[in-house]
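Asker: Give me coordinates for this.
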Amino acid sequence: MPDPTAWWRRVLGAGGCLLLLALIGGCPPPDRLQLRDARQALNHVNNNLEQIDGALYGKPATVSFRFRDAEGHDRRFIGHPATLIFEPPRCLYLDIKHSLGGSVARIGSNDERYWIWVDTPELRKLWWGYWDEVEAGSGGGFPIPPGLLLDALMMRPLAERVPGGLPALLIDENPYRLLFQRFDRDGWPYVAREIMLDRRPPYQPIEIIDRLPDGRVLMHAMLEKYRPVEPSGKTGPHTARRWVVHWPLDDTEMRLDLGRVRYRTKDMPFCEFPEQWNGEIERIGAPPSVERSPPTQERTP
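Answerer: Below you'll find the model as predicted:
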């Protein structure tokens, strides 16, 4: 009569115990990320980003975005070729071109200001503002919220401390959930930011959700296809190659796909404020009594 335990003995004898334990939850696959606390999670993300030692150049790229202007008109730019240049913490250049050539929109920022302009037959307008005047957390009238856009790109280190205290990590979740708490006007805590960390290599953020004290979502960002920055190799910093971002309160959406990300070799400044804009201009965040300062030169990389 066959021995009913013979098969199990052969499996276990061949090292099948590791597979069995993984199936029943006793041990994780060897490449899965194991974190103990929020500090370890934060350090893991920041150690990757702190390896970025220059301006990142993303091209070829494709971008689509949609926003509603002040008159309520739905503005859409679908599948446009683009170029992204970014140097932490705030030096940004995102140029969006027409398929036949020529820029139809550009998003930029530096340490002092943030701006976006659109140049189409239906709309020619520049929005800009100083960072210290931009409404905290939302963007306050910008077609694409400035601070939240930089946060969605996830190319600059996360703050270790926030006004609501230290972050917390939910270790029983798959993926991990890194929570950043703030306090509302009455002093009650709420989860202002939730970052989901992938347990698979390279163990980076794959989803970001920002919320207001009442629970409404400010931003929902999905990040995919992490690859090393060229030519740093497998051990260099990793960045996403695809972003899908939604700002529900502003009725704005953006999708960005990058073919390659490498270090920029040119030394020409790329995040200077526009100088000669001859369309409509709107300054965001300025008191009514403050005069609009004239634009300054923006040079194309």
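Asker: Show me where this protein dips below the pLDDT cut-off.
Answerer: When the per-residue scores of the chain are filtered using pLDDT under 70, the ranges that remain are 1-31, 135-140, 162-165, 286-301.
Asker: if we go to 80?
Answerer: Counting by pLDDT under 80, the ranges of the chain that qualify are 1-33, 69-71, 134-141, 160-166, 172-173, 232-234, 275, 286-301.
Asker: Do you have the helices of it handy? List them.
Answerer: Listed in chain order, the helices found in the chain under DSSP state H are 6-13, 16-23, 38-49, 146-153.
Asker: Residues in a beta bridge with V245, which ones?
Answerer: Listed beta-bridge partners, V245: A221, M254 (assigned using DSSP bridges).
Asker: ok, how many other residues are close to it?
Answerer: Using other C-beta atoms under 10 Å, V245 has 23 neighbouring residues. The way it works is simple: take the backbone N, C-alpha and C, and place the C-beta from them, glycine included.
Asker: Does it touch E253 like I think?
Answerer: Yes - proximity of V245 to E253 meets the contact threshold set by C-beta atoms under 8 Å, at 6.9 Å.
Asker: contacting residues for the closest residue to D53 other than its chain neighbours?
Answerer: Setting aside the residues directly before and after it, D53 is nearest to Y263 in space (C-beta to C-beta, 6 or more residues apart in numbering), at 8.0 Å. Residues touching Y263, when contacts are defined by C-beta atoms under 8 Å, 6 or more residues apart in numbering, comprise D53, G54, A55, L56, Y57, V229, E230, P231.
Asker: hmm, which two among these are most spread apart?
Answerer: Of all pairs drawn from these, the widest gap by C-beta to C-beta lies between A55 and P231 and measures 14.7 Å.
Asker: So for those two, which sits in the more crowded spot?
Answerer: Set side by side, A55 and P231 give different neighbour counts by other C-beta under 10 Å, the larger being at A55 (19 against 8).
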